[in-house]
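In: Make a model of this:
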Amino acid sequence: MQHDIKPATAERFVADAELVAERHRAIQRRIDEAASAKGKDKAPNKVPQTGAREYPAPPFPEQHLKKPGLEADLKLEPMYDAPHYKGSEKLKGMVALISGGDSGIGRAVAVLYAREGADVAIAYLSEHEDAAQTRRAVEAEGRRCILLSGNVADPQFCKAAVDATLEEFGRLDILVNNAAFQLHVPEFEMITQEHFDCTLKTNLYGYFHLAKAAVPHMKEGSAIIMTGSVTGLLGNSNLLDYSMTKGGIHAFARSLATHLVDRGIRVNVVAPGPVWTPLNPADKPAALVKKFGGDTPMRRAAQPEEIAPAYVFLAAPSCSSYITGEILPIVGGYSGA
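Out: The predicted structure is shown next:
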């Protein structure tokens, strides 16, 4: 049965609707005017500064490094020493093995681990100058440091690195799986078998081999921290193979955390967004390096010292004893688009 609105009532409804629509337009006009005025007053592209000291923003120097990329060759030196970070013996008496510890995030982590009381073993590929600088930085914190050059994709090197750490320091409490290979490609077809193998063997095999070598020597209270990536969470159109490995690292860490929890060994991931390290100038064309990190809400790339405290937090039993299998993104904010 059909019910029609009476003409007089219908006219009232239509009139009321017009009044509501006009109120909507009035609200819109006020917002448009306010937004226009605010836009005129706002400093263009102001970069938020939220840290203990000011951090650089794009444009970065246009520079392209040869692989594996030396931090010593960067025109803009990454900030890794974290002068405002005060140690409090969170890792006192512990020993850490850090792959890719010669530069970038690995170097910053090594410095803070030393500041928190840990001795450090650095596994790295062939960046001897960078590794020597990391050792000097660790020793300046009053801790010991050894350097181990080799390829983490080689299980024999991984075992040798763990054995050397045990021989030098007598124990192994923290493993940081951090070494990585990445290379942007504009076309999917450009990823060769050799390229694909190099990415997987460094980023996945290396993490697996080091963990397998280290775990038998780790005790209750030990921790494994892996470096994932925002690309493993969101993907990246020009880093297909790298993004795949980072997603694999996230899954590996969650699975290994479940496997090792009964042994009192925690496993977690730090998943950074853009960070100013040699990895990216050795990955992208110089013109893209210039804008690196500018598309984040922070409008800049992170500096290594801004990422490293997360590795302290996840390594320290006093901070994260009930945290395992987690992925901690540090990506400079979310756009909300």
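In: quick one: contacts of the lowest-mean-pLDDT helix or strand in the chain?
Out: Ranked by mean pLDDT, DSSP states H and E, the weakest helix or strand in the chain is helix 286-289, scoring a mean of 72. Helix 286-289 is contacted by residues 60, 61, 62, 63, 64, 184, 280, 281 when judged by CB atoms under 8 Å, 6 or more residues apart in numbering. C-beta here means a position set from N, CA and C on the backbone, and glycine is covered the same way.
In: avg pLDDT for the helix or strand harbouring residue 8?
Out: Following DSSP states H and E, one finds residue 8 within helix 7-41. Here helix 7-41 scores 80 as its mean pLDDT.
In: and the next helix or strand after it, how far out from the chain's middle?
Out: Reading on from helix 7-41 to the C-terminus, the next helix or strand found by DSSP H and E is strand 95-99. How far strand 95-99 lies from its chain's middle: 17 Å, per CA atoms, centre = their mean, to the nearest Å.
In: what does strand 95-99 contact?
Out: 106, 109-110, 113, 118-124, 152, 161-162, 165, 169-179, 206, 210, 214, 315.
In: still on that earlier bit, output the least confident helix or strand of the chain in CSV, but only the C-alpha positions, please.
Out: Taking Å, rounded to 0.1, in the frame of the first residue of the first chain, the C-alpha atoms of helix 286-289 are listed here in CSV:
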residue,chain,number,x,y,z
ALA,A,286,71.4,11.0,-7.5
ALA,A,287,68.3,13.0,-8.5
LEU,A,288,66.1,10.8,-6.4
VAL,A,289,68.5,10.9,-3.5
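In: Would you mind listing the buried residues in it?
Out: Neighbour-count burial for helix 286-289 flags 288, 289 (criterion: 16 or more other CB atoms under 10 Å).
In: Over to stretch 224-242?
Out: 224-233, 236, 238-242.
In: Closest to residue 69 out of those?
Out: residue 242 (14.5 Å; CB to CB).
In: buried ones in stretch 261-273?
Out: For stretch 261-273, by 16+ other CB under 10 Å, it's 265, 266, 267, 268, 269, 270, 271, 272, 273.
In: same question but for stretch 197-215, I mixed them up
Out: 198-211, 213-215.
In: Figure out how far it is from the centre of its chain.
Out: 18 Å.
In: Excluding chain neighbours, what is closest to residue 323?
Out: In this structure, residue 323 finds its nearest non-sequential neighbour in residue 268, 6.2 Å apart by CB to CB, 6 or more residues apart in numbering.
In: Got the confidence number for that neighbour?
Out: pLDDT, residue 268: 98.
In: where's it, which helix or strand?
Out: Short version, using DSSP H and E: residue 268 is in strand 266-272.
In: That strand - contacts with which helices or strands?
Out: strand 223-227, helix 240-260, helix 304-315, strand 327-330 (3 or more CB pairs under 8 Å, 6 or more residues apart in numbering; DSSP states H and E).
In: which outside residues touch that strand?
Out: Strand 266-272 has contacts (CB under 8 Å, 6+ apart) with 105, 222-230, 232-233, 246, 249-250, 253-254, 256-257, 260, 302, 307, 310-311, 314, 320-321, 323-331.
In: same check, this time on stretch 303-316
Out: Against stretch 303-316 from outside (CB under 8 Å, 6+ apart): 51, 55-56, 78-82, 85, 90-91, 94, 96, 104-105, 107-109, 111-113, 116, 174, 176, 223, 225, 266, 268, 270, 272, 275-277, 319-320, 323, 328, 330.
In: let's go with 7 Å and repeat that
Out: 51, 55, 78-82, 85, 90-91, 104-105, 107-109, 112-113, 116, 174, 176, 223, 225, 268, 270, 272, 275-277, 319-320, 323, 328, 330 (CB atoms under 7 Å, 6 or more residues apart in numbering).
In: and if you look at stretch 241-249?
Out: Outside stretch 241-249, the residues touching it (CB under 7 Å, 6+ apart) are 182, 191, 196, 199-200, 203-204, 207, 226, 228-229, 231-232, 235-236, 269.
In: I'd say residue 148 and residue 120 touch.
Out: No - Residue 148 is beyond contact range of residue 120, at 10.9 Å (criterion: CB atoms under 7 Å).
In: Between the two, point out the one with more neighbours.
Out: residue 120 (32 against 20; other CB atoms under 10 Å).
In: now that one, what's its secondary structure?
Out: Here residue 120 is recorded as strand under DSSP: H, G, I helix; E, B strand; the rest coil.
In: In contact with it, which residues are there?
Out: Contacts of residue 120 by CB under 7 Å, 6+ apart are 96, 98, 110, 113, 114, 138, 143, 145.
In: Need those in TSV (columns: pLDDT and distance to residue 11).
Out: Formatted as TSV, these follow (pLDDT from 0 to 100; distance: CB to CB, whole Å):
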residue	pLDDT	distance to residue 11
96	98	78
98	98	77
110	98	78
113	98	77
114	98	80
138	98	82
143	98	84
145	98	85
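In: got CSV for the residues you listed, with neighbour count and secondary structure too?
Out: As requested, the contacts of residue 120 are exported to CSV (neighbours: other CB atoms under 10 Å; DSSP: H, G, I helix; E, B strand; the rest coil):
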residue, neighbour count, secondary structure
96, 28, strand
98, 28, strand
110, 30, helix
113, 31, helix
114, 24, helix
138, 25, helix
143, 20, coil
145, 23, strand
